[in-house]
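> just need the structure, nothing else, for what follows:
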Amino acid sequence: MKPGDTVTIGEHGASVFKVVADGGPDHLIIESVEDAPGKYQFPSRRDGLFPHQP
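Below you'll find the predicted structure:
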């Protein structure tokens with residue numbers, strides 16, 4: 001996965017996130033694709049992220 005890709009946390013995750021940056025060998029920095037007050041970027045383990053299938 002690379003910046004710009006959309007992902008879910010877990011194979012059947014309901015929320016969609018955008019990969020913002022590489023966070024090192026085991027993590028990616030992601031943020032919600034939904035506009036919301038207080039939206040922020042955070043690290044998530046690569047092995048817990050799955051490509052979003054619209």
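> residue boundaries of the helices in the chain?
Assigned by DSSP state H, the chain shows no helices.
> where in it is pLDDT low?
Nowhere does the chain drop to pLDDT under 70.
> tell me which stretches of it form strands.
6-9, 17-22, 27-32, 42-45, 49-51 (DSSP state E).
> will you turn those strands into TSV that also has mean neighbour count?
Heads up, the C-betas are built off the backbone N, CA and C, glycines and all. Output for the strands of the chain, formatted as TSV (neighbours: other Cβ atoms under 10 Å):
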stretch	mean neighbour count
strand 6-9	18
strand 17-22	17
strand 27-32	18
strand 42-45	14
strand 49-51	15
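> quick one: the closest residue to Ala14 other than its chain neighbours and Pro37, what's the gap?
Leaving aside its sequence neighbours, Ala14 sits nearest to Thr8 (Cβ to Cβ, 6 or more residues apart in numbering; 7.4 Å). Look at Thr8 and Pro37: by Cβ to Cβ, to the nearest Å, they are 22 Å apart.
> what do you get for Pro25?
33 Å.
> and for Arg46?
Arg46 sits 28 Å away from Pro37, taking Cβ to Cβ as the criterion.
> which one's more surrounded, the two?
Just comparing Arg46 and Pro37: by other Cβ atoms under 10 Å the higher neighbour count belongs to Arg46, 16 against 4.
> would you check that my belief about that one contacting Leu28 is correct?
Yes. In this structure, Arg46 is within contact of Leu28 by Cβ atoms under 8 Å, at 5.8 Å.
> so what sits against both of these two?
Met1 (Cβ atoms under 8 Å, 6 or more residues apart in numbering).
> list the beta-bridge partners for the residue nearest to Ala14.
Assessed by DSSP bridges, Thr8 has beta-bridge partners Phe50.
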